[in-house]
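Novice: next comes the sequence, and after it the predicted model I'd like to discuss.
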Amino acid sequence: MITVALGGRVAEELFFGRITTGASDDLKKCTQIATAMITQYGMSPLLGTINYDTESGYQKGYSDKTNRLIDEEVSRIINQSYRACRDILESKQEKIKQLAEKLLETETLSLPDIV
């Protein structure tokens, strides 16, 4: 989900050489997903299967070090997903350009145009 959500931002960078504010909501969602993976679902090999979620209002009282580790793990997940997305788009760059040109010509694409 994170890799897909980063597609627009990566595409801006890859195809236009710049980044706009258009992906800000996608970045927010990516951060929320990655944070939940670490703090709620125990999906960090570094932090283990502990729930660090504080949304319920109950303060867990974990250390500043743990908080830094959570931040590092969230960043790791997002950066890893960003690299994966970039690899995918770079490997399909020619097809994406062809689809964009077709879309400019016809204004719509059907499934046979895409596959």
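Specialist: Cool, the structure landed. No experiment lies behind these values; they were computed from the predicted model shown.
Novice: correct me if wrong, but Arg76 is in a strand.
Specialist: No. Looking at Arg76 with DSSP: H, G, I helix; E, B strand; the rest coil, it is helix, so not inside a strand.
Novice: what about it, neighbour count?
Specialist: Look at Arg76: counted by other C-beta atoms under 10 Å, it has 14 neighbours. Where you see a C-beta, it was placed from the backbone N, CA and C, and this is true even at glycine.
Novice: with the one 5 residues further on instead?
Specialist: Close neighbours of Ser81, defined as other C-beta under 10 Å, add up to 20.
Novice: was I right to think it contacts Arg9?
Specialist: No. The pair Ser81 and Arg9 does not pass the contact test of C-beta atoms under 8 Å, sitting 11.0 Å apart.
Novice: after the helix or strand Lys65 falls within comes which helix or strand?
Specialist: Using DSSP states H and E, the element containing Lys65 is helix 64-91. Following helix 64-91 in sequence order, the next helix or strand is helix 93-106 (DSSP H and E).
Novice: contacting residues around the helix or strand following that next one?
Specialist: From helix 93-106 onward toward the C-terminus, using DSSP H and E, the following helix or strand is helix 111-114. Residues from elsewhere that reach helix 111-114, judged by C-beta atoms under 8 Å, 6 or more residues apart in numbering: Leu99, Lys102, Thr106.
Novice: dump the residue contacts of the first one.
Specialist: To tie it back to what came earlier, the one meant is Leu99. For Leu99, the contact set (C-beta under 8 Å, 6+ apart) comprises Leu109, Asp113, Ile114.
Novice: pick the one among the residues you listed closest to Arg18.
Specialist: Among those, Leu109 lies closest to Arg18 (C-beta to C-beta), at 25.1 Å.
Novice: so what's that closest one closest to, chain neighbours aside?
Specialist: Excluding its sequence neighbours, the residue lying closest to Leu109 (C-beta to C-beta, 6 or more residues apart in numbering) is Leu103, at 5.7 Å.
Novice: and that neighbour, how far is that from Lys92?
Specialist: 15 Å (C-beta to C-beta, to the nearest Å).
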